[in-house]
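>>> below: sequence and its predicted model.
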Amino acid sequence: MFKLSAEGLNYVQSELTRYETKQSAIIRCLYRAQDENGGWVSNDVINALSEAMAIPAPQIEEVATFYTMFNRKPVGKYHIQVCCTLTCGMMGGRELLALMMKEAGVKEMGEVSKDGLFTFSKVECLGSCDTAPMLQINREPYTENLTFEKGLKLVQDLRTKGGKLESQISKEL
Amino acid sequence: MAEVKYLSEHYDKKEYRSLEGYKKHGGYEQLPKALKMEAAKIIDEVKAAGLRGRGGAGFPCGMKWGFLPNNGEPRYLLCNADESEPGTFKDRVMMERAPHQLIEGMLIAAFAVKSHKAYIYIRGEYTGPAMILKQALAEAKAAGYIGKNILGSGFDCDIDLFIGAGAYICGEETGLISSLEGYKGQPKLKPPFPAVQGYLRKPTIVNNVETLASVVNIIRDGAQAYRKYGTEKSPGTKLFSISGNVNKPGTYEVPLGYKLMDLINNECGGMKPGRSLKAVIPGGSSAPVLTAKECENASMDYECIASLGSMLGSGAVIVIDDSNCMVDVLSTISHFYHHESCGQCTPCREGTGWVEKIIHSIVHGHGKAGDVDLLIKVADNMKGRTICALADAAALPVTSFVTKFRGEFEYFVANRKSMVKPNGANLGDAHVH
Amino acid sequence: MSTNTIPCTINGKDVEVKEGSTIIEAMKANGVEIAHYCWHPGLSVAGVCRMCMVEIEGNPRLQIACNTQVVKGMKINNTSDKVKDAVKWTLDFHLINHPLDCPICDQAGECGLQDQYMHYGKYEPEMAEAKVKKHKVVDLGPRVVLDSERCILCSRCVRFTDEVSKTNELGIFNRGDRADISTFPGKPLDNNYSMNTVDICPVGALTSKDFRFRQRAWLLKEHQTVCTGCSTGCSTKVFFNKEGLFRVKPVYNEQVNGHWMCDIGRDVYKFVNKEARLFDAKVSGKGTGAGNGLGAEWILPKRAALKVGETLRANKGKGVALVLTGQHTVEEYDALLGFFKNDLGSDRVFHWVNTVGGGPESLEAFDGLLLRGDRNPNTAGLKESLQKFGIKTQWKELLEGLASGAITTVVVAGPENQTFFPDFKAKVVELSKAPRLIWLTAGKNLDLDNLTGDVTLIPLKSYLEKSGTFVNHAGLRQKIAKGLTIVPNALSLTEVAELFAGREIEAAESCSSIGVGRVQNEATTVRGSL
């Protein structure tokens, strides 16, 4: 059963009064709870937030399922989101995604690789079309100007690292 | 004419990101000047400059500000940094390179429209720019540019950052407001318009990043000097996001009215070796596509692009060369709109899915006689029938691609393979299934 | 809203409409037909189904009638080819992913999609692609089932739980054509107003577990009445045919219930149905000549009442007491009180006060929306009649009279809805201490059946089988009319009073009968259970 950490609860409390209405804090609190829950939003996460924020669970669920950056299913440590829209589609984003998935040993999008490291998603335009093809890992700054070779190497390097991201961006934002 | 670094003069300097660096290059000099002006005078100046919204619709900015009712209610200024229109990335560049320019522009705008609370709504994926903005906001607050009694003027204004979580529709101003209010980013019925009842049903102005940043230069140089660039009806410069099959894709600032082919051939270094221009999407994925022929005399201003039946939109130029299958390109666009339709209005919710399924069938060799006409019919009946413009945005590329490249679509249906990529590898989202 | 009117033209006809009204309100007020799914007069405007398209002169773009205010002189039409074509296409968008399972859908016959298809559709479907698959037979809560594939996402039900019941159980999850109405796991749609979501669902997405698969809508007749579930007195209509009553729905009443009614009120039809009713009078014990309480005689109610009346009159009302509940009409109270007071000269009339949730204070309870603690339709009417006849008794006087032997005969006009009388069993025990008990009741009851002594049970008509007046908690007088016959020989209290007085009653007026020729089937035997 998921429970927010003491620090997380404090965070929720402070966000509740940050905006004009407490509803506005739902997105930020979902990010926080998703991080604390290993990268995805379980039903327990929604229930925990519903209780901590005194907002009905369906309202939080509406937000969690509307926005693509909340994962309602478990993801690997590296959630690799490859842009395939328009320019990225033209510049090889789709082929890159297929190659990287094969390298990581996953067949379907949204699937977690056996080693627990990778999940792939095809995402819509990330706003970096001049550096196509490109991708985003979790909520990290973009990985751009990719080639098939670079994409494969990225999977291999991440595998060697074994699930550690240097940046703490999700805690900062 | 060539590239003009009017807004982007110092974008190449890394120090420009910091408060200190920004100030070193003339930053925060227009805010005190504006604070001494009459608010109405600032609005007049922006009106006189003819600044048009840079987010996509091109609505005159000063006129928008003038719609606010004088009913004593609190007013909100929202900066739309939910840049999500496929092909568009110039706001990201602006926020990364000149966060303080945006903040200064917002403060001037807030003073002009008498708002004491402003938000920057940035798309959730833009964590890099969000970190930079967070830092910049903290610096500006510490230096007294944001907060109570700014620079001793008696004007209070707070600016906070709001981070989205992945939804194209939040770039629509009422979708943005719904999202900021903590709900699904579903656009609201109009009327009432945001200027009358926006965020929390209070008068609200929503402006794009580039629009707000432009205000700084208008105050600095005055409306007349601003009008030195651009055309009579489309004054000023604009940052264009150019991507696709050119040698040097990127963000380029040119005066409005700049020749499209000059942009492609000069700034962007022309087409890739051995390739020729096939088509250009001039204003983001929702803008009707232009054929190479139509591009020949096109100039990048609102009027000229509109006269060609398309839109300047957000200034996202996607250059497509002859190696691309237009059926395939449209398939990624239609997938996008199907994925992003918020789902409230029936014609959009159902129409975007239907369109994508038809194109999907064609791309996978299951196209049927009549599919090409059906695409046009479905697209036509989505247009103008919904709360927001997403249905139109989804329909316009369908109509223009199918009409202008009909031969490619019909070939695909009849031969069950692409005219351009006959071996059919990696078309559509084949690998996904 | 202002009461001023402004002129406008609708489909070429000049009309005056209330200032500030939207086009759809103006059209409804003028009896103009307009297609719509998401708009509902009791909910906020969503503007999402896009069916209520109208053409406004001078505006090239079609507008939705639900979110456009009428301005002076506006020329509106919704019959032009342009409007018809737009509505036809919007309807088609609604239908492309719809399962078209009308033959097994409960909504068939009263479905918005079917209705509009008959107006605007009648075309060959052009959608040849695979439909979106969604959840089916989703158990949303104790009373409501969802079929997501039939749902057109009009959001009426979600707005209802947000705005009216304020219980927030429902949401629309996911986006685009993947969007789905649902509850959150572990938080079912379980509030006392949940069935309104079924009523306002324009399609067969939300259906009632109680009504599901029992009847086809077109096989049912309607009868408008007043709910007897509590002292609010909501306007309702019951749906019935020869096999019985099947459901209750609210009828709009601005003064009382607006558009809604509560789930408790939906069940009141169950104690009216044949299975729950007493059919003939039962006379047992000494008075009957049937033997010393060892046997009972079943006779025509009319005969039983005449016989009881004879005895009462012979004894000149000596030792007689009358017990009344707030479940009958004003006219009935007046008739029966008239007989007791005037013919028998008795003042011993007692008000049996039922409390559902505990002490007398629970009578004043109110859930803030419609349901009141006083679960009787006519407590106010009863009090009024008692006052009119100058009766000021207290229940303890009845008990004292029974204990001392001063009261020897008790006539009880028992409650129609026994479930709202938690003390029913206790009262049966208490009142059967009287040497002679005459119990008038619509419903059968095992405790009454098991009484030995000198007991007469006489079947009463239910509220649907008689005409009369109920006075609600606020003093509003509402007429109910006789709508159908379920127990052909049952009597109203008015008829009982006439018979007690020795006067013949007229034959029953003719009315839909659900008792005669009724076919028993599996479904109807289950239905009677409460």
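Looks like it arrived, so ask away. Numbering: from 1, shown residues only, chains lettered A, B, ... in the order given.

>>> enumerate every residue touching residue C:477.
Residue C:477 makes contacts with C:330, C:381, C:469-471, as judged by CB atoms under 8 Å, 6 or more residues apart in numbering or on different chains. For glycine as for every other residue, the C-beta is placed from the backbone atoms N, C-alpha and C.

>>> swap that for residue C:188, sorry
C:139-142, C:169.

>>> ok, and the closest non-adjacent residue to the residue nearest to the spatial centre of chain A?
Centre of chain A computed as the mean C-alpha position; nearest residue by CA atoms, centre = their mean is residue A:138, 4.2 Å away. Sequence neighbours aside, residue A:79 is the residue nearest to residue A:138 in space, at 5.3 Å (criterion: CB to CB, 6 or more residues apart in numbering or on different chains).

>>> for the helix or strand that contains the one you found, packing partners?
Using DSSP states H and E, residue A:79 falls within strand A:78-83. Packed against strand A:78-83 by the contact rule (3 or more CB pairs under 8 Å, 6 or more residues apart in numbering or on different chains; DSSP states H and E) you find helix A:93-104, strand A:118-123, strand A:135-137.

>>> near the nearest residue to residue B:298 once chain neighbours are set aside, how many other residues are there?
Distance criterion CB to CB, 6+ apart; nearest residue to residue B:298, sequence neighbours excluded, is residue B:260 at 4.2 Å. Residue B:260 has 24 neighbours, counted by other CB atoms under 10 Å in any protein chain shown.

>>> quick one: name the residues of the stretch 101-250 of chain C near chain B.
Proximity of the stretch 101-250 of chain C to chain B is confined to C:126-130, C:132, C:152-153, C:155, C:172, C:174-179 under the rule CB under 8 Å from any CB of the partner chain.

>>> filter those residues to the buried ones?
Buried subset of those (neighbour count, 16 or more other CB atoms under 10 Å in any protein chain shown): C:127, C:129, C:132, C:152-153, C:155, C:172, C:174-179.

>>> domain parsing for chain C?
Domain assignment for chain C by automatic domain parsing gives C:5-94, C:102-213, C:276-515.

>>> chain A too?
Taken from automatic domain parsing, chain A resolves into A:6-66, A:78-162.

>>> mind checking the longest helix of chain A?
helix A:148-161 (DSSP state H).

>>> what segments of the stretch 1-150 of chain C are strands?
C:5-10, C:13-18, C:53-56, C:63-64, C:75-77, C:138-139, C:144-146 (DSSP state E, counting those that start in this stretch).

>>> try the stretch 101-250 of chain B
Using DSSP E, counting those that start in this stretch, strands in the stretch 101-250 of chain B cover B:117-122, B:158-163, B:204-208, B:237-244, B:250-255.

>>> closest one to residue C:412 among those?
Comparison of these against residue C:412 by CB to CB identifies strand B:204-208 as nearest, at 66.6 Å.

>>> what angle sits between that closest one and strand B:117-122?
Interaxial angle, strand B:204-208 versus strand B:117-122 (axes from the mean of the first three to the mean of the last three CA atoms, to 10 degrees): 40 degrees.

>>> quick check: mean pLDDT of strand B:204-208?
Throughout strand B:204-208, pLDDT has a mean value of 97.

>>> strand partners (parallel or antiparallel) of it?
Its sheet considered, strand B:204-208 pairs with strand B:76-81 (parallel) by DSSP bridges.
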